[in-house]
Structures are given as structure tokens and as C-alpha cells.
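*Asks:* mind looking at a prediction? Sequence and model below.
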Amino acid sequence: MQKNFKSLLNKILRKEKTQAFIAYLAYLYIQFVYKTCSWRFKNNGIIDSYISKNKPLIIAFWHGHLLMMTCAWQRPTPFNMLISNHRDGKFISKISKIFGISVINGSTERQGYAAARQIIAKLKQGQVIGITPDGPRGPREQISDGVLQLARLTNADIIPVAYSCTNMRILGTWDHFRLALPFGKGIFVMGKPITPVQDLEQLRITLQKAMETVVIEADQSFNK
């Protein structure tokens, strides 16, 4: 009986209308958290300077920080998220689209060529790209080759971003997903831009350190 129930549940969850409904509920929850918390944006001017100069830009944040990043972009400049065609990725795509965020399907690993072509075109149009360097399946908080090669190919700088809240739970998922809760204080921290270099390993080390730094800075913001 339990097996039949799980089979029925999976069948229901695979339905497009069901997924759309759950995505809308997730959208409402994110909006509720954002509006009931007090948020700060640290070093936001870094991004503004790139946009004003029409310089190609990639925003990078860990997969575990996805939830509230949908609210971090407060600009008219179009923002595009690179999201995999994995089942979880399709669900994230639905939520992102409700927020008005464009989605580029694929990843820096699979279907990379097609995704790279779209990214190059968007950057040439003055739009901004968002990537989770450890997505879609990890390893957690480790930089993949894809984002490094993409930055070199497009000559786009990478700005690491992280968020933290006073009222938050770290889930036991592979990515240590950050579940922000309402009625707290939150912060988005933008790190120093990373300019791509030809040495892939050196670029990886530099970006890895920068990503770790913004997470620590965000988490320690409420200890001061």
C-alpha cells in the first residue's frame, strides 16, 4: 500500500499543473520572508558600476543560497539564471520565471555549448548572468570548471554573492540549503570582482576563496 501511495504521489508531482502550483506557493513564501525581514545590501555599488559601464558580468552564488537570491536583483537590467534541465532545476526555473528572471536551460557541464551561446548573446546585449558554480549536484561549495571556462570565453568578471539571516535554518541536503524564515534581519553581500585569467587553476583558487569570504562576511554580519 505504501509503495502504491508513493507511486501515486510521484505521478501527481510530475504533473505540470501541480509543479506550477507548488512553484507559486514557493514564490509566495519567498515574498513573505523578504517583506517581513529587514534586508541590507552590502557593496551593491560594485554591480551598479559594471552595469553603468556595460561591462560583461557573471553573478556567482552557491546552490545552497538559491532561495532568497530571487529577491537580490533590484534593477531594470535583465538578469538571466543558468539552470540545469534536471528535475530540481525545472522547478527552480518555474519559481525564477514568476520573479521575472529569465532562464537559460542547460548547465556549464551538460549541454554547455548551447547554453554558452545564449550566455554570450545575453552578455553582448548588456544583460547579466547568474550561475551556481557548485550546481546542479555538487560537490557542495566547490568551483566547477564550467563557470571558469565561461568567464574566460566571455571575458566577463565574476562577482561572488552570498546571503544570511538572523532567522534561518540550514537543511540537511547535499548543498546545505539555507531556508530563510520570516521576521528577522537579512543581508546580501557582494564580493570583490574576479577577473578571469588564463591559468584555470589559479582562477579556481581565487574564485573559491572569494566565494568563501562573502559567505563568512554575510554570516558574521549579525555578530557585530
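*Replies:* Now that the structure is in, tell me what you want to look at. Numbering: from 1, shown residues only.

*Asks:* so what's the closest residue to K124 other than its chain neighbours up against?
*Replies:* Nearest residue to K124, sequence neighbours excluded (Cβ to Cβ, 6 or more residues apart in numbering): P56, at 8.0 Å. Glycine gets a C-beta too; all of them are placed from N, C-alpha and C. P56 makes contacts with 123-124, 154-157, as judged by Cβ atoms under 8 Å, 6 or more residues apart in numbering.

*Asks:* output the lowest mean pLDDT helix or strand found in the protein.
*Replies:* helix 2-13 (a mean of 48; mean pLDDT, DSSP states H and E).

*Asks:* next SSE downstream of it?
*Replies:* helix 16-36 (DSSP states H and E).

*Asks:* can I get that following helix as PDB, trimmed to CA atoms?
*Replies:* What follows is helix 16-36, C-alpha atoms only, in PDB (Å, rounded to 0.1, in the frame of the first residue of the first chain):
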ATOM      1  CA  GLU A  16       2.800  20.300 -14.900                       C
ATOM      2  CA  LYS A  17      -0.100  22.000 -13.100                       C
ATOM      3  CA  THR A  18       1.000  20.500  -9.700                       C
ATOM      4  CA  GLN A  19       4.500  21.800 -10.200                       C
ATOM      5  CA  ALA A  20       3.300  25.200 -11.300                       C
ATOM      6  CA  PHE A  21       1.100  25.400  -8.100                       C
ATOM      7  CA  ILE A  22       3.900  24.400  -5.800                       C
ATOM      8  CA  ALA A  23       6.200  26.800  -7.500                       C
ATOM      9  CA  TYR A  24       3.700  29.600  -6.900                       C
ATOM     10  CA  LEU A  25       3.400  28.700  -3.200                       C
ATOM     11  CA  ALA A  26       7.200  28.800  -3.000                       C
ATOM     12  CA  TYR A  27       7.100  32.300  -4.700                       C
ATOM     13  CA  LEU A  28       4.600  33.500  -2.100                       C
ATOM     14  CA  TYR A  29       6.700  32.100   0.700                       C
ATOM     15  CA  ILE A  30       9.900  33.800  -0.600                       C
ATOM     16  CA  GLN A  31       8.000  37.100  -0.900                       C
ATOM     17  CA  PHE A  32       6.600  36.800   2.600                       C
ATOM     18  CA  VAL A  33      10.100  36.200   4.000                       C
ATOM     19  CA  TYR A  34      11.500  39.100   2.100                       C
ATOM     20  CA  LYS A  35       8.800  41.500   3.100                       C
ATOM     21  CA  THR A  36       8.700  40.600   6.800                       C
END
